[in-house]
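>>> sequence first, then the predicted structure:
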Number of protein chains: 2
Amino acid sequence: MLNIRIEKTKNPKPLPAADDPLKFGTIFTDHMFIMNYETGKGWFDPRVVPYQKIELDPSAMVFHYGQEMFEGLKAYRSEDGKVLLFRPDKNIERANNTNRRICIPEIPEDIFLEAIKTVVKVDEAWVPSKPDTSLYIRPFIIATDPYLGVRPADTYLFMIILSPVGPYYPEGLNPVKIWIEDEYVRAVKGGIGEAKTGGNYVASLASQVKAHEEGYSQVLWLDGIERKYIEEVGAMNIFFKINGTVITPKLNGSILPGVTRDSCIQLCKKWGLTVEEKKISVDEVFKAAEDGTLEEVWGTGTAAVVSPVSHLRWENKVSKIKDGGIGELSKKLYENITGIQLGKIQGPDGWIEVVK
Amino acid sequence: MLNIRIEKTKNPKPLPAADDPLKFGTIFTDHMFIMNYETGKGWFDPRVVPYQKIELDPSAMVFHYGQEMFEGLKAYRSEDGKVLLFRPDKNIERANNTNRRICIPEIPEDIFLEAIKTVVKVDEAWVPSKPDTSLYIRPFIIATDPYLGVRPADTYLFMIILSPVGPYYPEGLNPVKIWIEDEYVRAVKGGIGEAKTGGNYVASLASQVKAHEEGYSQVLWLDGIERKYIEEVGAMNIFFKINGTVITPKLNGSILPGVTRDSCIQLCKKWGLTVEEKKISVDEVFKAAEDGTLEEVWGTGTAAVVSPVSHLRWENKVSKIKDGGIGELSKKLYENITGIQLGKIQGPDGWIEVVK
């Protein structure tokens, strides 16, 4: 067991009001977890302290060379008052995959999980209970050496901050319009696309701005080589139901392996559906839309869980998916996954970790 | 003219000792420049203040989504005691190209230049005068909104920090061994490769570690699509002299447009050499090495100016360039560019900006 020092705040903030919409990523709890790393010493001094600013030298490597990683998961309040985590082991495994790719020292899995559970327990009162609310958990690591040379850092901070969040779409499960990007590229095989690191997100901003201007809320990325195979949506993975078969792009080195993606695949298989993880071109999708075999399109991610897709725009073509409404399978996946997350539905073994 | 507020330090640090090797990027001067940005307000409160740590919310966007950019240039001490900048207009132009690509608000060119000159003037005593030393100037911008959503930030800090630096290779102009990367990819067309932003550097670390382990000091990147065309070295652009012709990869959207690269091209042309900016494959280079037409290879960058290359390793082949020594043209370029930078040789119009 890790010896996590706990220093409680002397000035607790008021909890958000019951009718606060809890806009994603804007409200932070009273405490945060923090742990240091130094080469030769390893990770040390794990502690929960009052939520506070951090002080860094302006030459800190994270500001210059992007050596930073993050994860995102949620704690849910069950009807009987428990606090539950959804598949945190998958986030921790992915975090260490990211760490290896970008030369950040790994964090032992048991320490990572204990850190999450400890800080969530300290701020347990911040886990909201209204429908579709949760406590978003953001672990992240930054390189802190005050040094302008390019190399993996020798010092890091690992932190976990917590943010109560409302429904991703305030109006409920809501179909989104998706812009298929044909100019910019998010990631390419051999690059950092499967790592959860800032460089992938900054690369997506220009495209996101363009899509928003055109009235599309999300960007769907194509592969960086042939510019024809579908990859992911940046904040989500993508699924198609074509002629009864569930299809999602195969993890190829430039797609982030989503935890909700994996959960959808497992549930669909359990329900007897055929699921194919394979290369799928945007042409195939548009053809299926034209011949009427494209039954549903949805995105999956921690923030929105399941997002039905109503429109796909590619070059100058716009394809409306079915009647632009919410597909049956999307709805079933959303209800089942959120049901499992809230402890209302029994999920596969090991999907729920009880904090309290 | 910009009204830059100057607050001088009350505790100046001792200047480095005359025999200090001034290891790159480790020593910082007494002051720094800082300016804020807020959407609706623009860039405001430009100031020179004592060099100090910066305080940020742990949710500051730069820690999570990599919205950060930087530049690198140098101030040189001429024999008659002047302080000179080398082509700062090129760095400023590139900075705004980076800003546009990653959705950071641009900085007016005159304000950018005045900021550099003002902070360098305040710390003028830190510009070293020994041969091959200079004051490295690091302008950078970071996104500071305390917000976990993915979008371009609404608040930024623009800072300039200064670091006196010794010769890049303490033993003088020194041939380097280069590892041609065949597993990882730095950047691809449509991505952020031509922007000077952290995401490109973090992507390079794993390869750099591997190359160092094998005794190579730098990594040469191939294109991300066909994996056969030569791109750049991360900290440098690359040049080949084959059969009398100077060849460097054409800027293609995934190569950083180096200021020293451009300076080398201009000088070579002035000297009557044929310079080709074109796609060049690693195969062509190895063939030229085998048939004896590969006369020289060198890298160009602000840090080392010109780095002769002695060995290229690709897959399991190692090519030794000529006798592994310093080529004539590399040497001439090094001597001319450093001569211009120090005010000893008259360069093309507009290459030198006098600070003092």
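Perfect, I can see it now. Numbers count the residues shown, from 1 in each chain, chains lettered A, B, ... in the order given.

>>> how about the residue sitting furthest away from the middle of chain A, phi and psi?
The C-alpha centroid of chain A is most remote from A:Asp291, which lies 33.3 Å away (Cα atoms, centre = their mean). Note on A:Asp291: backbone dihedrals following degrees, to the nearest 10 are phi -90, psi 0.

>>> contact partners for it?
Shown in contact with A:Asp291 (Cβ atoms under 8 Å, 6 or more residues apart in numbering or on different chains): no residues. Glycine gets a C-beta too; all of them are placed from N, C-alpha and C.

>>> mind checking pLDDT for it?
The model reports A:Asp291 with a pLDDT of 94.

>>> could you measure from it over to chain B?
Separation of A:Asp291 from chain B (Cβ to the nearest Cβ, to the nearest Å): 30 Å.

>>> please apply the same query to A:Val355.
To chain B, A:Val355 is 21 Å away according to Cβ to the nearest Cβ.

>>> not including adjacent chain positions, what is the nearest residue to that residue?
Closest residue in space to A:Val355, ignoring its immediate chain neighbours: A:Val83 at 4.2 Å, by Cβ to Cβ, 6 or more residues apart in numbering or on different chains.

>>> so what sits opposite the residue lying closest to A:Lys320 once chain neighbours are set aside in the bridge?
Of all residues not flanking A:Lys320 in the chain, A:His311 sits nearest, at 5.5 Å (Cβ to Cβ, 6+ apart). As for beta bridges, A:His311 partners with A:Lys177, A:Lys320 under DSSP bridges.

>>> residues contacting A:His311?
If you count contacts by Cβ under 8 Å, 6+ apart, then A:His311 has A:Lys177, A:Ile178, A:Tyr216, A:Val318, A:Ser319, A:Lys320, A:Ile321, A:Gly324 around it.

>>> how many neighbours does A:Arg186 have?
30 (other Cβ atoms under 10 Å in any protein chain shown).

>>> wasn't it part of a strand?
No. Under the criterion used here (DSSP: H, G, I helix; E, B strand; the rest coil), A:Arg186 is coil, not part of a strand.

>>> pretty sure it is touching A:Val202, no?
No. Applying Cβ atoms under 8 Å as the test, A:Arg186 and A:Val202 come out as separate, 10.3 Å apart.

>>> any stretches of the stretch 1-150 of chain A with poor pLDDT?
Where the stretch 1-150 of chain A drops to pLDDT under 70, the residues are A:1.

>>> where along it do the helices fall?
Applying DSSP state H, counting those that start in this stretch to the stretch 1-150 of chain A gives helices spanning A:62-65, A:88-101, A:109-122.

>>> can you check the stretch 251-356 of chain A too?
A:259-270, A:282-291, A:328-341.

>>> dump the ones you listed into JSON lines; add distance to B:Ala18 as well.
Rendered in JSON lines, the data for the helices of the stretch 251-356 of chain A read as follows (distance: least, Cβ to Cβ, whole Å):
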{"stretch": "helix A:259-270", "distance to B:Ala18": "57"}
{"stretch": "helix A:282-291", "distance to B:Ala18": "64"}
{"stretch": "helix A:328-341", "distance to B:Ala18": "65"}
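
>>> what's the local residue count around A:Val285?
23.

>>> one more: A:Lys344?
12.

>>> now swap in A:Gly343 and tell me
When counting by other Cβ under 10 Å, one arrives at 18 neighbours for A:Gly343.

>>> residues touching the residue lying closest to it once chain neighbours are set aside, list them.
Using Cβ to Cβ, 6+ apart and skipping the chain neighbours, the partner closest in space to A:Gly343 is A:Ser78 (3.7 Å). When contacts are counted by Cβ under 8 Å, 6+ apart, A:Ser78 touches A:Leu84, A:Leu342, A:Gly343, A:Lys344.

>>> which parts of the stretch 201-350 of chain A sit against chain B?
Within the stretch 201-350 of chain A, the positions adjacent to chain B are A:201-206, A:208-209, A:224-225, A:227, A:234-235 by Cβ under 8 Å from any Cβ of the partner chain.

>>> let me have those residues in CSV, adding secondary structure as columns.
Listed next are those as CSV, based on three-state DSSP:
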residue, secondary structure
A:Tyr201, helix
A:Val202, helix
A:Ala203, coil
A:Ser204, coil
A:Leu205, helix
A:Ala206, helix
A:Gln208, helix
A:Val209, helix
A:Gly224, coil
A:Ile225, coil
A:Arg227, coil
A:Gly234, coil
A:Ala235, coil
